[in-house]
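Asker: heads up, no residue letters with this:
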């Protein structure tokens, strides 16, 4: 039985815009933050776009669903990643040993991205600052509950 | 809320007066999954009122110059453009170069924001892009021989939207200039990574 231990939104410069652990265990938030920071290494860094087309030899950094980007055996947790077209990274950390189907994770990230784009459109949100909307937290929680 | 009630009442009254036929069936309950739809004229009126508020407030506050007001409108547009790109780029890959980003703006962003694609896109491949829209949505109610200032007011928010959209895609422009000789034909000159 796998369940979501936490969700994160990171800006193009890897600054945390949203970090939330969904657990009652007291050490859990720190464990989750460590997993997120470790997972950042697996996300390709954002490069400035050149004026000319990339040479065919260098592949552009991947976007969309990235799959498992970090897994830790001792914590029994796996971090899944997703990069939007605007270079914002979304992460969901799963704990438990059961495998989750890729299609389920893709669907969950689609809903997570929808929640994020709605949160950015909120006129009371300041661009480039952490998201502090309770409605966003509720929506992310419901996304996480949907992952089984 | 009051407005909605009044409108529906008038419709029913008109239908009853027009021949005593059976009252129209009640409208189907709105589906919860479909997005909320709003009449386009509401946006037009809101934009017109916003422009009027920011461009003609010199009477109340003599300290602000008209370029400050234009900047204020552009800042509003920037916010809108940034958030709108996040929404309409869902499921799309990240642009690989500047031209790719501008093409995304010309197609997906423009049709989401202004209802159609950009008509012509020209570039010198060194960071200068010229976007021409021959029937720009926000100028469709501006008369062809109107004073240039009238069209200019209407173009401040779209200019900011263009800046915000490109910034969200990772290519913040150094300058965006707008030119409009005969509404609704409008030309945006975008410079990315070159001195303005």
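Answerer: On my side now, so go ahead. Every value quoted in this text rests on a predicted model; they were computed, and no experiment measured them. Residues are numbered from 1 along each chain as shown, chains lettered A, B, ... in the order given.
Asker: and the strands in chain B?
Answerer: B:120-123, B:128-133, B:175-182, B:185-191 (DSSP state E).
Asker: please enumerate the helices of chain B.
Answerer: Ranges of helices in chain B, per DSSP state H, are B:2-17, B:40-55, B:66-88, B:98-104, B:110-114, B:148-154, B:156-168.
Asker: what parts of chain B come near chain A?
Answerer: Residues of chain B found near chain A (C-beta under 8 Å from any C-beta of the partner chain) are B:79, B:82-87, B:89-101, B:104, B:125-127, B:168-171, B:192-193. C-beta here means a position set from N, CA and C on the backbone, and glycine is covered the same way.
Asker: compare the helices of chain B and report which one is nearest to residue A:143.
Answerer: With C-beta to C-beta as the measure, helix B:66-88 is the member of these nearest residue A:143 (16.8 Å).
Asker: elements contacting the closest one?
Answerer: helix A:102-121, helix B:40-55, helix B:110-114, helix B:156-168 (3 or more C-beta pairs under 8 Å, 6 or more residues apart in numbering or on different chains; DSSP states H and E).
Asker: please identify the buried residues of the first one?
Answerer: Spelled out, it's helix A:102-121. Using 16 or more other C-beta atoms under 10 Å in any protein chain shown as the test for burial, helix A:102-121 gives A:105, A:108-113, A:115-120.
Asker: for the third one, same thing?
Answerer: Residues B:110, B:113, B:114 are the ones in helix B:110-114 that count as buried (16+ other C-beta under 10 Å).
Asker: isn't the second one right up against residue B:164?
Answerer: No - Residue B:113 sits out of contact with residue B:164 when judged by C-beta atoms under 8 Å, with a separation of 10.5 Å.
Asker: picking up where we left off before, need the buried ones from the residues of chain B next to chain A selected in ChimeraX.
Answerer: Remark: buried members of the residues of chain B next to chain A, expressed as a ChimeraX selection using 16+ other C-beta under 10 Å:
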select /B:79,82,83,84,85,86,87,89,93,94,95,96,97,98,99,100,101,104,127,168,169,170,171,192,193
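Asker: any stretches of chain B with poor pLDDT?
Answerer: For chain B, the stretches flagged by pLDDT under 70 are B:1-34, B:57-66, B:195-196.
Asker: before we move on, back to that, nearest to residue A:12, of the helices and strands packed on helix B:66-88?
Answerer: Nearest to residue A:12, of the helices and strands packed on helix B:66-88 and by C-beta to C-beta, is helix B:156-168 at 9.3 Å.
Asker: shaky segments in chain A?
Answerer: In chain A, residues with pLDDT under 70: A:1-2, A:24-27, A:44-63, A:97-98, A:148.
Asker: the most centrally placed residue in chain A in helix, strand or coil?
Answerer: Geometric centre of chain A, nearest residue: residue A:91, 1.6 Å, by C-alpha atoms, centre = their mean. Each residue gets one of three states, and residue A:91 gets strand by DSSP: H, G, I helix; E, B strand; the rest coil.
Asker: so what's it closest to, chain neighbours aside?
Answerer: The shortest distance from residue A:91 to any non-neighbouring residue, by C-beta to C-beta, 6 or more residues apart in numbering or on different chains, is to residue A:8 (4.3 Å).
Asker: next one: residue B:90
Answerer: Nearest to residue B:90 is residue A:113, by C-beta to C-beta, 6+ apart, at 5.8 Å.
Asker: so what's that neighbour up against?
Answerer: Each residue near residue A:113 by C-beta atoms under 8 Å, 6 or more residues apart in numbering or on different chains is listed here: A:82, A:84, A:90, B:90.
Asker: again, but for residue B:156
Answerer: Counting by C-beta under 8 Å, 6+ apart, residue B:156 has contacts B:51, B:70, B:73, B:74, B:77.
Asker: among the residues you listed, who's most crowded?
Answerer: Highest neighbour count within the contacts of residue B:156: residue B:73, with 24 neighbours (other C-beta atoms under 10 Å in any protein chain shown).
Asker: which ones are touching that residue?
Answerer: Under the criterion of C-beta under 8 Å, 6+ apart, the neighbours of residue B:73 are B:50, B:51, B:54, B:55, B:153, B:156, B:157, B:160.
Asker: returning to that earlier point: in TSV: the contacts of residue B:156, plus distance to residue B:144.
Answerer: Shown next, in TSV, are these (distance: C-beta to C-beta, whole Å):
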residue	distance to residue B:144
B:51	19
B:70	23
B:73	23
B:74	25
B:77	24
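Asker: so what's residue B:182 bridging to?
Answerer: residue B:185 (DSSP bridges).
Asker: now the helix or strand hosting residue A:20: buried residues?
Answerer: Per DSSP states H and E, residue A:20 falls inside strand A:16-21. Using 16+ other C-beta under 10 Å as the test for burial, strand A:16-21 gives A:17, A:18, A:19, A:20, A:21.
Asker: mind checking how far the residue nearest to residue B:89 when sequence neighbours are not counted is from residue B:186?
Answerer: Nearest residue to residue B:89, sequence neighbours excluded (C-beta to C-beta, 6+ apart): residue A:85, at 3.8 Å. Per C-beta to C-beta, to the nearest Å, residue A:85 is found 26 Å from residue B:186.
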